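J.: predicted structure and sequence below. I'll ask about it afterward.
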Amino acid sequence: MTTDTPRTLAEELRTRSDSGLVGLLRARPDLLSPVPGDVTQLATRAGTRASVVRAVERLDRFALQTAEALAVAPDPCPYDTLGALMGGDAGDEAVAAALPRAVAELRGQALVWGPDDRLRLVRTARELLAPGAARPSPTGLGPTVAEAAAGMSPGRLQEILAAAGLPTTHDPVSAVAALTALFRDRERMAALLDTAPAESVAVLDKLLWGPPYGAVTDRPAAHLQWLLDRGLLLPAGARNVVLPREAALHLRGGRAHRSPEPVPPALTPTTERDPQLVDNAAASQAFTALATVEELLKEWDLGGPPVLRAGGMSVRDLKRTATALDTTERLAAFWLELAYAAGLIASDGEADERYAATPAAEEWRQLPDHERWAALAAGWLAATRTSGVVGTADVKGRALAALGPHLDRSPAPEVRRRALTLLATLPPGTSVPAATVLSRLRWERPLRGAGPTAGGAAGATTGGAAGPTAGGVAGATTGRGAEAESAGTDDLRSRLAQWALEEAELLGVTGRGALATHGRTLIGAEGAKTGAAAETGTWTEAGRGTEAGTWTEAGAEASPLAAGAATGGGVASGAEIGAAATRAAALLAPLLPEPLDHVLLQADLTAVAPGPLQRPLAEALDVLADIESKGGATVYRFTPASVRRALDAGRSAAELQDFLSSHSRTPVPQPLAYLIDDVARKHGRLRIGAAAAYVRCDDDALLSEILADRRAAGLRLRRLAPTVLAAQTAPEQLLDGLRAMGYAPAAESAAGDVLIARADSYRTPPRTAPAPVPDGPPSPDGTLLEAAVRAIRAGDLAATAERKPVHAPVPAPGTLPRTTSAETLATMQAAVLTNSALWIGYVNADGAASQRVIAPVRVEGGFVTAYDHTADEVRTYPLHRITGVAELADDVV
């Protein structure tokens, strides 16, 4: 039975509505693994350290500040006392307006429970956030007078009371109480400080906002002794002292934090552009991204670099790839990881393992441009592998390699999506500086990547452990205190957000810093609110003492994808991301340039492609010419070597002439026609086969010319017949050697036919894209949440329902009932006749015991068929596995 005022967290959770429990499980999905058997198990799991740490890390800055204030407040803490700690003696309208939302958030996540006049922070959260000797509070406050004076002698306490102008007491407890009352009394405390020397007040000012610890010498200066004598500094070790919490709060004007942040930083300053220009810029960059990835696949068409023994690419191979892509090593790592996330490249798994394109890469290259972009965008949005950490050191000091292990950063998808969602709250075409987005993200998740106590630890290391100085407090001048930002500009979350914004620009999700129209669709923010209302959200209060208050985040109502990012409840599934990417690609398609079927041939042996070419044309030109420059227009240059390459691939001179004529908007220049004819005339006159190797030619004078050439000495040629030369080198080396001498030989088969030199593409076996490493349990869907709440309610009913004893006393709550087999059978049969519910203990085949509430329907053959209220379905149970049975009170079910 419960009372009006809950005595435990479990009792309060029982009073919550089903929607309240659903909200708790959605905010803390780790509580569902596995589904708790009843409310007591749910409350116990919600209070474990791992779960509380995860919940605290997902609080925004003001909710975290509220929890930190509760950690240094009396336990339990009235709402008005909490309000005074947050707003100070003078009050703060912004804090007062935002505090109900923060308390409701803490209560909704089961970090705070109890009515408004008895707010309680769960014990584990208090241990994490409350000050300790080795862990200063994030508020910068020290221990209470009672905690700091715990080891002091009674005589010393009486001396402090006398120096402070208080009457002495008969015991230490009343002495501590009297000193605490003095520090809490604003008038008496002000009168005491009015008599303090200026140097003493200066010392208090240095310790005021933390860290509250300092070191003193064996012979403190007079102004320090004055503070020690009156208990304004209490001993915290052999030579350390601390400013008591009550005294610090008086000096702070009752404020727990120096700078409460009740509202998130505004997304300003903004830069407005024409949305169409933003979309066009993003589309242009999207096309560049496709071209870069395709160039990477072409570079690795015959096989990529070897895989290091420890995994990944070597630094040298990364540099070569960067040179081939005409980019920096950092961007090359991004393109490599992007292709890897999309499943386009992988290792082949052979003994001499190396990287290569996958079979999926061939399918990807045949897709329309917008569908190819969708595949890249979907892989990027869900990927946990982070190219930004390539080149940095791991925990063992080794450099992290591109495509190697240990590149997964689990928060990356959530940070990536949240950064883009913030941009979606701005009007179309509007951008803000990256620093503004980072500031907002740090407000939303101040502890992610920093740890729950990071805010106070920084101050403690700079100020609390200093050695003695000449009559002063050491370290007090250098400590910034816990009010410094708990995560600096170089924390993981900020770096992930910075990389996300840069990568979104490279991929064409954003253009000129603003989210493009197809980018909004990609993250599911098509209908998100924009402007000031979206930045601040809306607060709907249904009473601070319940869980019914709701906070609507910017864009959270747009779609499940955006809602997941806004609430921090995880990231969308692969199917949702794929569907969103497909919709986004449909919007991008009209903005991408149409592939062209022609080039412009010029008299300087070049061809200009004024835009992207159709795939067959581009592939043919890649063989016939060398790419000289890229950009808005690609310039191809024809050389004897490139023409010979096309002839080696089986094309004749006439075919090449016809190909150029049909795909050029200008006539074929005479120099290019002469070049093709000249190379074709020489091509194949020399035939090379395998003897080890031989050279055959109908023109014996040409063979004599080769033998007389000094450059042929390394080929070790000798004449076998007037038209045949033999060589002591392999045919491939002989081909390369003669081509280097300016000849155009052709390889032939054993039958004397010309061999077409067309290299086979190398592909890995079928590979799947790397699976993202989740940042905690997946976000549960509505069906799972509803089923979990029903199971918890049913289990709680089985554990707490009133029972009628059969022949034995009612077992204690949480224990299984015990009855004989005959009693169990008789009770089951009676329940079938009366259509009543029973409480049973059951042990399954694995030996796991559980309690259940069932309504028996049929008993026969050693089995009972019943409706199980716990599982919410009809089940059949062997009677020999039922440990006992008890009737429920008439009004329970």
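T.: Arrived safely. Numbering: from 1, shown residues only.

J.: thinking residue 638 is in contact with residue 672, fair?
T.: Yes - with contact defined as CB atoms under 8 Å, residue 638 reaches residue 672; the gap is 5.8 Å. C-beta here means a position set from N, CA and C on the backbone, and glycine is covered the same way.

J.: give the residues shared as contacts by the two.
T.: residue 605 (CB atoms under 8 Å, 6 or more residues apart in numbering).

J.: the longest strand in the chain is where?
T.: Secondary structure of the chain per DSSP state E: the longest strand is strand 849-860.

J.: strand partners (parallel or antiparallel) of that one?
T.: According to DSSP bridges, strand 849-860 forms sheet pairs with strand 838-843 (antiparallel), strand 863-868 (antiparallel).

J.: how much space between residue 615 and residue 294?
T.: 10 Å (CB to CB, to the nearest Å).

J.: so for these two, which sits in the more crowded spot?
T.: residue 294 (18 against 12; other CB atoms under 10 Å).

J.: if we can go back for a sec, what's the closest of the strands paired with strand 849-860 to residue 789?
T.: strand 863-868 (16.3 Å; CB to CB).

J.: check which residues of that closest one are buried.
T.: 864, 866, 868 (16 or more other CB atoms under 10 Å).

J.: ok, stretch 241-261 next?
T.: For stretch 241-261, by 16+ other CB under 10 Å, it's 241-252, 254-257, 260-261.

J.: again with stretch 46-54
T.: Neighbour-count burial for stretch 46-54, counted by 16+ other CB under 10 Å, picks out 46-47, 51-54.

J.: could you dump the strands paired with strand 849-860 to CSV with distance to residue 399 and mean pLDDT?
T.: Listed next are those as CSV, based on distance: least, CB to CB, whole Å; pLDDT from 0 to 100:
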stretch, distance to residue 399, mean pLDDT
strand 838-843, 55, 85
strand 863-868, 57, 88
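
J.: quick check: mean pLDDT across the host helix or strand of residue 705?
T.: Per DSSP states H and E: residue 705 is located in helix 700-708. The average pLDDT for helix 700-708 rounds to 83.

J.: what about residue 201, how many neighbours?
T.: Using other CB under 10 Å, residue 201 has 16 neighbouring residues.

J.: for it, helix, strand, or coil?
T.: Judged by DSSP: H, G, I helix; E, B strand; the rest coil, the three-state class of residue 201 is helix.

J.: what's the pLDDT at it?
T.: Residue 201 carries a pLDDT value of 93.

J.: what of the one 3 residues further on?
T.: Per-residue confidence at residue 204 stands at 93 (pLDDT).

J.: residues near it, how many?
T.: Using other CB under 10 Å, the number of residues around residue 204 comes to 20.

J.: from residue 224, how far off is it?
T.: 11 Å.

J.: now secondary structure too, for the buried residues of stretch 46-54, in TSV please.
T.: Below are the buried residues of stretch 46-54 laid out as TSV (three-state DSSP):
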residue	secondary structure
46	helix
47	coil
51	helix
52	helix
53	helix
54	helix
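
J.: nearest to residue 714 among these?
T.: residue 54 (69.0 Å).

J.: of all the buried residues of stretch 46-54, which comes closest to residue 169?
T.: Nearest to residue 169, judged by CB to CB, of those is residue 47 at 37.9 Å.

J.: could you report the pLDDT at the closest one?
T.: Residue 47 is assigned 91 on the pLDDT scale.

J.: likewise for residue 349?
T.: Confidence at residue 349, expressed as pLDDT, is 87.

J.: how near is it to residue 325?
T.: Taken as CB to CB, the span from residue 349 to residue 325 is 25 Å.

J.: compare the two (neighbour count), which wins?
T.: For residue 349 versus residue 325, neighbours defined as other CB under 10 Å are more numerous around residue 325 (18 against 11).

J.: do I have it right that the more buried one meets residue 298?
T.: No - using CB under 8 Å, residue 325 makes no contact with residue 298, being 10.4 Å away.

J.: now do the SS call for residue 770.
T.: Assignment for residue 770 (three-state DSSP): coil.

J.: do the one 10 residues further on as well
T.: Using three-state DSSP, the structure places residue 780 in coil.

J.: before we move on, the earlier item: tell me what the helix holding residue 705 is packed against?
T.: strand 717-721, strand 724-727 (3 or more CB pairs under 8 Å, 6 or more residues apart in numbering; DSSP states H and E).

J.: of all the ones you listed, which lies closest to residue 320?
T.: Closest approach to residue 320 among the helices and strands packed on helix 700-708 (CB to CB): strand 724-727, 32.3 Å.

J.: which residues touch that closest one?
T.: 691-696, 703, 706-707, 715-720, 734.

J.: which of these are buried?
T.: 693-696, 703, 706, 715, 717, 734.

J.: least confident pick among the residues you listed?
T.: Minimum pLDDT across the buried ones among the contacts of strand 724-727 falls on residue 694, with 75.

J.: in terms of helices and strands, where is that residue?
T.: Per DSSP H and E, residue 694 falls inside strand 693-696.

J.: name the strands paired with that strand and say parallel or antiparallel.
T.: Using DSSP bridges, the strands paired with strand 693-696 are strand 687-689 (antiparallel), strand 724-727 (antiparallel).

J.: ok, then the element right after the longest one?
T.: It refers to strand 724-727. Once the chain leaves strand 724-727, the next helix or strand it forms, by DSSP H and E, is helix 731-740.

J.: just give me how far that next one sits from the chain centre.
T.: Centroid displacement of helix 731-740 relative to its chain, using CA atoms, centre = their mean, to the nearest Å, is 54 Å.

J.: following it, which helix or strand shows up next?
T.: Next in sequence after helix 731-740, counting helices and strands by DSSP H and E, comes strand 746-747.

J.: who are the packing partners of the helix or strand following that next one?
T.: Counting by DSSP H and E, the element after strand 746-747 in chain order, helix or strand, is helix 782-800. Packing partners of helix 782-800 (3+ CB pairs under 8 Å, 6+ apart): helix 18-27, helix 39-46, strand 849-860.

J.: thanks a lot, see you next time.
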